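Participant: how would this look folded up:
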Amino acid sequence: MVSKKLEDKVEQSFSNLDAWIGTWDKGGGINGFVVHQHNDKMDSMIPDCMTQASCILAYLNVYHKTKSQKWLSKAQRCANYLVSIYVDDVHAFSSASFEHKPLGDTLVYDAMAVFSLLRLYSVTGDKKYFTVAEDCLNELIIGKYWDEERNRFWNLLKDGRKLCALNMGGMVIGVVVEYVRVTGDESYLDYARKQAVFIMDYQESKGMLEGAYYYDDAGSWTRVMSLYISWTLKGMIELYDYTKDELYLDSIRRACDFLYNRMLDPKTKLFYHRYMIRRYGAIQLKKGPEWIAAFGASLYCFLKVKEFGLDYKLDRILDTVIDYQYPTGAFPNSRYYENMFVPYLIHSIDGQISWRDAIPIVGWNSQMFEALSLLVAKGNKSPTVKCHFKFSCDEGYVFDEDEDTFKISVDSDVVALYNKKNPCVFYNRMKLADSAFCQKNMVLRTMKIRGKICIGIILFLVYLIFVVYFLV
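Facilitator: Next up is the predicted model:
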């Protein structure tokens, strides 16, 4: 699927990433803290569903190609952890959430876990995986989150209304299709088809956003985001792969065309974060954060659609993205980090690498891990990683990592210290947000805001003078 020149580089990248992820494995569940666009969870290392699920799927992809038992054993170890944290009484996985852990019961992350368990069951025939997956699908995903009135899954309440984030509904499509594959019970396919119709109703049909899936059905239609378009695509890909319905393939092609032609940054070879639809239809591109590790979610989709005859040139993109990989085997988080909810408080200065950009997040790396696994042919490369690696970012934070620990410090003070295989954490929230660079960033952003306010006031006064002059 890639040129011969890239094959060795991809194999080595996958091997190195596998070695790094393994350093966070506590003997079943893979630990990891979280930096997300609206909620950092630096004080929690509890293994989450997304990380385990993506790793299970990556291990299985390589197992199918190599038939090496070690990959299947790794998948089973992660799956056994998921089974161990399943709570029968509430039909959900404890600490399922990624950015909100240790809270459980989140549609998208429970769905990811169920999908991976069903896929593993189809390989091993081990009933415990199927039992948990079927219970969660029937009792939680369908039993709680299916909206019979609107024929789609919902995931959040706003002003008493049940809303659906398309990416979460897309993930559920994949779960339903996999359940049908495993059981042969096509009555379930109706849920997937209805959800797909709903998703396509919220796919833009014209203009510069043509082909984009909107984030949700809140009515405002204010966000089009590359990562969540990719997660929506994953479900649509599974549905087309099973049904061969050309309607779904056309939707997939249009969404991929939008990502490739409208959201790919020609300089970084990463995807822009989002387009914002402002009042009166004005469309504004918000570049950051351009995900690096989570770029794997989009890469996965482009690799999968090659099987359907949709061929996008990926060699240069893949070559560039792999070059971001650290000597430890990890991929950094992003470029141009910005918190989409409070951008004026948390925002990278142009050209600078913030600590949220530089830090490697295990969960996001699992997305890249799953994508790279599709390209692995042999899976026998020995890792060439540095066991001890020290690096810094433009904010002055220093990251010091070895096989057992991950440390963050600033101005010689330790801000956070993690024992990778133990969820115990030393973490100083205030110190992590209190560097001189952060303060400078805050001042600069505040000055920009004040400047815009002053310009607005001046323009308004000019308008008033103009109106008064002509009235008089």
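Participant: mind listing the strands for the stretch 101-250 of the chain?
Facilitator: Along the stretch 101-250 of the chain, counting by DSSP state E, counting those that start in this stretch, strands occupy 146-147, 152-153, 156-158, 161-163, 223-225.
Participant: what's the least confident stretch among these?
Facilitator: The weakest mean pLDDT among those belongs to strand 156-158, with a mean of 71.
Participant: run a quick neighbour tally on Asn151.
Facilitator: Asn151 has 14 neighbours, counted by other Cβ atoms under 10 Å. To be clear about C-beta, it is placed using only N, CA and C from the backbone, and glycine gets the same treatment.
Participant: tell me which residue is most central in this protein.
Facilitator: For the chain, the residue lying nearest the average C-alpha position, counting by Cα atoms, centre = their mean, turns out to be Ala294 (5.0 Å).
Participant: quick check: the gap between that one and Phe98.
Facilitator: With the distance defined as Cβ to Cβ, to the nearest Å, Ala294 ends up 11 Å from Phe98.
Participant: now do the buried residues in stretch 71-88.
Facilitator: By neighbour count with 16 or more other Cβ atoms under 10 Å, stretch 71-88 contains the buried residues 71-72, 74-83, 85-86.
Participant: let's have these in CSV, adding secondary structure, pLDDT and distance to Gly143.
Facilitator: Formatted as CSV, these follow (DSSP: H, G, I helix; E, B strand; the rest coil; pLDDT from 0 to 100; distance: Cβ to Cβ, whole Å):
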residue, secondary structure, pLDDT, distance to Gly143
Trp71, helix, 96, 34
Leu72, helix, 97, 32
Lys74, helix, 96, 32
Ala75, helix, 97, 28
Gln76, helix, 97, 28
Arg77, helix, 96, 29
Cys78, helix, 96, 26
Ala79, helix, 97, 23
Asn80, helix, 97, 25
Tyr81, helix, 95, 24
Leu82, helix, 96, 19
Val83, helix, 97, 20
Ile85, coil, 93, 20
Tyr86, strand, 94, 15
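Participant: rewinding a little: wait, which of the strands of the stretch 101-250 of the chain is closest to Leu60?
Facilitator: Closest approach to Leu60 among these (Cβ to Cβ): strand 152-153, 25.2 Å.
Participant: which helices and strands does the closest one pack with?
Facilitator: helix 166-183, helix 189-201 (3 or more Cβ pairs under 8 Å, 6 or more residues apart in numbering; DSSP states H and E).
Participant: and these, which is most packed in?
Facilitator: The highest average neighbour count among the helices and strands packed on strand 152-153, using mean count of other Cβ atoms under 10 Å, belongs to helix 166-183 at a mean of 24.
Participant: angle of that one against helix 189-201?
Facilitator: Orientation check (axes from the mean of the first three to the mean of the last three Cα atoms, to 10 degrees): helix 166-183 against helix 189-201 gives 150 degrees.
Participant: what segments of the stretch 1-150 of the chain are helices?
Facilitator: All helices of the stretch 1-150 of the chain, identified by DSSP state H, counting those that start in this stretch, fall at 4-22, 49-66, 69-84, 107-124, 127-135.
Participant: between the ones you listed, which has the poorest average model confidence?
Facilitator: Averaging pLDDT over each of the helices of the stretch 1-150 of the chain puts helix 4-22 lowest, since it has a mean of 93.
Participant: contacts for that helix?
Facilitator: Here helix 4-22 makes contact (Cβ atoms under 8 Å, 6 or more residues apart in numbering) with 2, 30, 55, 62, 315, 318-319, 322, 325, 328-331, 360, 362, 365-366, 368-369, 372-373, 375-379, 381-385.
Participant: buried residues, that helix. List them.
Facilitator: By 16+ other Cβ under 10 Å, the buried positions in helix 4-22 come out as 6, 9-21.
Participant: swap in stretch 126-143?
Facilitator: For stretch 126-143, by 16+ other Cβ under 10 Å, it's 129-130, 132-137, 140-142.
Participant: can you give me the end-to-end span of stretch 267-276?
Facilitator: End-to-end distance for stretch 267-276: 21 Å, by Cα to Cα, to the nearest Å.
Participant: give me the mean pLDDT for that stretch.
Facilitator: Averaging pLDDT along stretch 267-276 yields 92.
Participant: residues in contact with that stretch?
Facilitator: By Cβ under 8 Å, 6+ apart, stretch 267-276 touches 37, 209, 212, 222-227, 259, 263-265, 283-292, 295, 298, 316-317, 320-321, 335-336, 338, 340.
Participant: surely Tyr59 and Gln69 touch.
Facilitator: No - the pair Tyr59 and Gln69 does not pass the contact test of Cβ atoms under 8 Å, sitting 11.0 Å apart.
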